[in-house]
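Student: Sequence isn't available, so here's the structure alone:
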């Protein structure tokens, strides 16, 4: 074949590939999708997992937890917990085992749109946001300013349109809302108005729960509809590590359970500060605290959906300040995922924070390393996987947009290498090498796999240096700003039914 | 305890921590070090590994490789390979198994300074550079310009002073050197003048090998000294995928073997172009090619040190261009590491390239994800782990400096979670919760572990938003420029003995 024939054939191959690429793909053929199973990465040995489990049981028997509300003391002592003279509740091993036996497994976290439902079983992985950042990052001015309800709504809208982000838990505090009740209501509203994916939220006071459910019932179209498919979970810091219940949060939790809301049992110790500096013991403490939560929830309402939320964080021990983006954090999170699998419970932890103030190279490696470790460990709910900067103090919308590309790559890694008789057949190699052109560029297998086996980033750059110079050396953050603006320009003002939206605005002081 | 007493106690704890941090640590107590064992991550099942092995053997028997030099044909047919009428050498299974049985295992790659020796056994991991970038990235001008011998020397000096980078393989082409022989000699000189860590290099022509060894013997102080501790390996693209020997590179390889140089048997196919688009089959092809290399080397010189260099790369199948930073790349590299462990041979692959043109967030996540997957998979030699941009076309010195922080974090992840009776003892928890201050900040365990369990970045930022604003919102890349300049300012002009350096400059045209 002449050189020009080869070139023409190659150009034809390229045109065919571009055409194939533009055809829409069936959901089940996409290279990545929500809920891909992980578990190929195991930081702990089986013996290590059992040893941590034993230590957690011992901690619950010997140390126990203080400061449960009276209602919680009643619920848990009735089930078999022992209230000591020091005011601490201690948990006999048999009680923990009994409650583990009735705890909900294989739960579904519902989206308002059923296509966003998440099935938390085995090592299935879902990536989303979380946090309580008090700042938003202005990337153009390189400044931190106070986050607002409008910022939260924008984040929610972006998540709704970013395929590789599967749920939206409140990521920022609405600091434009002075009253605490109003703040909780605006948080809930902003989350639900922007997306029909599953939402997570918190209540800053048990007295705010009732108002929140008023709003949720309005959004759902009634209490029955809400209870049939609860689309919001309660991110609940039910403990103040080390080994203390958070009295008011426990009251909130009880109320949310009665009202049919799934609970994220969140233990957020900080290794070296509120948790032991030893990574293994930090996991022990988080597991012990969450097991106490499992007892609490299931003693009150057996089988109520709850997520085992071991979220141990890391301190920079030189200063005591939190480090969200460290390697130690990646290990803690992945180790916790293995504990969830040991219990067979749906679990979640913090996946991809950055210590950097901006979406720069440091942010990239911190978020990339943490998320891929969390995903490969098979963590069900990977919270704080995108947008989170300054060790949880700042949220960044441009980083959220870039994070969608980052998570696409991570999810491709979680999906893994397909080894089937077909995929390792040497027939393609044989025909290319012995009968064919000596390359795979135009081969039918290549065309077939280009969409199902390969994922392509939306913003990230793959041009050659020459092309890059020709198109004006585009800046990554600038491209993220543009994608962000496009999504926000095209997004619906609210995804809540218009009548319900009006009714909510009449009943509550909505700021955004 | 009053609030002020708590504060004062905490401040005392901080001062104690800062003091502890400033004391130098013994090498064996450092949180990370060269050669940490990985293997906690396994993208392939055991059955998948065996299936790929079987397919590779089949490919060697059925397809074989063409274009061996006559010398190679003689060596391999004498050992039992079969030369077909189509000019292809085919390898019976028994021949491959016999050669695997005599192949070198547990080899040492020497540094010129013995403290940099690398022991390639099991899942031990070493991170370094590699490549043949034709550009260097000017981060201040955001431009790509042609790379020079001075750039290569600067990179070598930087690697010498960056603890988390363990070897220096030639990363850039010296484009300021017009003559090809001079270019190879300048490449070797620049690498060895900058660092006493292990060096990898290539020869662009078999005729250049003799000159290279003249220089190496001068650096070593004689041929005997060189042969006792060969501190340079030959990165040898002995195949042109798919399934063809690279005739001249094979001649170079034979000569390097005779002269006592370890060989990196490098198969650098590109999935979808010169290798199959199916990830599993791309690994099959790379394994088959490297097994042919094992036969070649061991038929010629049984037990000669060689690295099983399965380096399958990835195409962006929309364009056919290479994508170095993709998730598919991370899977290929980690899957290859498992194949190396299956054979029990020292192995290497490409670890942490970026497609981005600059050290930006994309570069961070691509390099972070790829390196942590390579490290956790237990890949012995993780090439191209730092500094590599534009899908191998550009090298960046500032990215190299930032990569040292990135690799420190990766190595911390590879080290994993220490689960011992001591590390999961609940005694610290018990004393803190029941008898103590209710936090772990000043605890003796915290102080003890802060240096041995936690790693701190040199350039990456962990300040709070407030501190960050106060210190003028430092830019990450600017900080990297400053660290780069400090290292280069303090580095010795050459690490070659002055007399030898002068002699080399008399014998060869040295440009840098």
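Tutor: Thanks, I have the structure now. Every value quoted in this text rests on a predicted model; they were computed, and no experiment measured them. Numbering: from 1, shown residues only, chains lettered A, B, ... in the order given.
Student: all contacts plus neighbour counts: C-alpha atoms, from now on.
Tutor: Fine.
Student: residues contacting the closest residue to chain B within the stretch 51-200 of chain A?
Tutor: Closest to chain B within the stretch 51-200 of chain A is residue A:63: 6.1 Å, counting by CA to the nearest CA. With contact set as CA atoms under 8 Å, 6 or more residues apart in numbering or on different chains, residue A:63 has these partners: A:88, A:90, A:243, B:430, B:433-434.
Student: buried ones in the longest helix anywhere in chain A?
Tutor: Longest helix in chain A, counting residues (DSSP state H): helix A:279-300. Residues of helix A:279-300 classed as buried: A:279-300 (neighbour count, 16 or more other CA atoms under 10 Å in any protein chain shown).
Student: taking the mean pLDDT, what do you get for it?
Tutor: Across helix A:279-300, pLDDT averages out at 98.
Student: list the helices and strands that helix packs on?
Tutor: Packed against helix A:279-300 by the contact rule (3 or more CA pairs under 8 Å, 6 or more residues apart in numbering or on different chains; DSSP states H and E) you find helix A:46-62, helix A:70-79, helix A:93-102, strand A:263-267, strand A:306-310, helix A:327-343.
Student: Can you say which of those is packed in most?
Tutor: Comparing the helices and strands packed on helix A:279-300 by mean neighbour count (mean count of other CA atoms under 10 Å in any protein chain shown), strand A:306-310 ranks first with a mean of 30.
Student: What's opposite the residue nearest to residue A:306 when sequence neighbours are not counted in the beta bridge?
Tutor: Nearest residue to residue A:306, sequence neighbours excluded (CA to CA, 6 or more residues apart in numbering or on different chains): residue A:263, at 4.6 Å. Counting by DSSP bridges, residue A:263 forms beta bridges with residue A:234, residue A:306.
Student: what stretches of chain A score poorly on pLDDT?
Tutor: Residue ranges of chain A with pLDDT under 70: A:1-25.
Student: do that again at 80, thanks
Tutor: Residues of chain A meeting the criterion pLDDT under 80: A:1-28, A:423.
Student: Over to residue A:390: give its phi and psi.
Tutor: Main-chain torsions, residue A:390, degrees, to the nearest 10: phi 50, psi 40.
Student: doesn't residue A:357 make contact with it?
Tutor: Yes: Residue A:390 is within contact range of residue A:357, at 4.9 Å (criterion: CA atoms under 8 Å).
Student: So between those two, which is more surrounded?
Tutor: Shown here are residue A:390 and residue A:357; by other CA atoms under 10 Å in any protein chain shown, residue A:357 has more neighbours (33 against 28).
Student: you'd agree that one is up against residue A:392?
Tutor: No: applying CA under 8 Å, one finds residue A:357 not in contact with residue A:392, separated by 9.9 Å.
Student: which residues sit in contact with residue A:317?
Tutor: Each residue near residue A:317 by CA under 8 Å, 6+ apart is listed here: A:272, B:17, B:446, B:450, B:454.
Student: The third one: neighbour count?
Tutor: Taking other CA under 10 Å as the neighbour definition, residue B:446 ends up with a count of 23.
Student: got it, and the first one?
Tutor: By the criterion of other CA under 10 Å, residue A:272 has 29 neighbours.
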